[in-house]
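>>> What shape does this take:
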Amino acid sequence: MREHYFLTMLQSLSCDSIDKYTQTMICLETTVLCHLLNNASRQLIHTD
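You can find the predicted model right below:
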């Protein structure tokens, strides 16, 4: 389960130790991941 690994990795990062570009990229990747998971959840719920 890559999503779980990615979220665990994010939680272990110290925001003070990474630059603004990396912080921005992490936020972007996290946003995309959340949208993908949200859409997948909706499809599972509405599948007949």
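>>> pLDDT weak spots in this protein?
By pLDDT under 70, the low-scoring segments of the chain are 1, 3, 47-48.
>>> for the helix ranked longest in the chain, which positions count as buried?
For the chain, the helix with the greatest residue count under DSSP state H is helix 20-45. By neighbour count on 16 or more other C-beta atoms under 10 Å, the buried set for helix 20-45 is Ile26. Every residue, glycine included, has its C-beta placed from N, CA and C.
>>> tally of neighbours for Ser12?
Neighbour count for Ser12, taken as other C-beta atoms under 10 Å: 7.
>>> residue contacts, it?
Going by C-beta atoms under 8 Å, 6 or more residues apart in numbering, Ser12 touches no other residue.
>>> check contacts around Glu29.
Glu29 sits next to Phe6 when contact means C-beta under 8 Å, 6+ apart.
>>> what's the spacing between it and Ser17?
Taking C-beta to C-beta, to the nearest Å as the measure, Glu29 falls 18 Å from Ser17.
>>> for Met25, same thing?
In terms of C-beta to C-beta, Met25 sits 15 Å off from Ser17.
>>> same check, this time on Gln43
According to C-beta to C-beta, Gln43 stands 37 Å off from Ser17.
>>> Check Cys27 too.
From Cys27 to Ser17 the distance is 16 Å (C-beta to C-beta).
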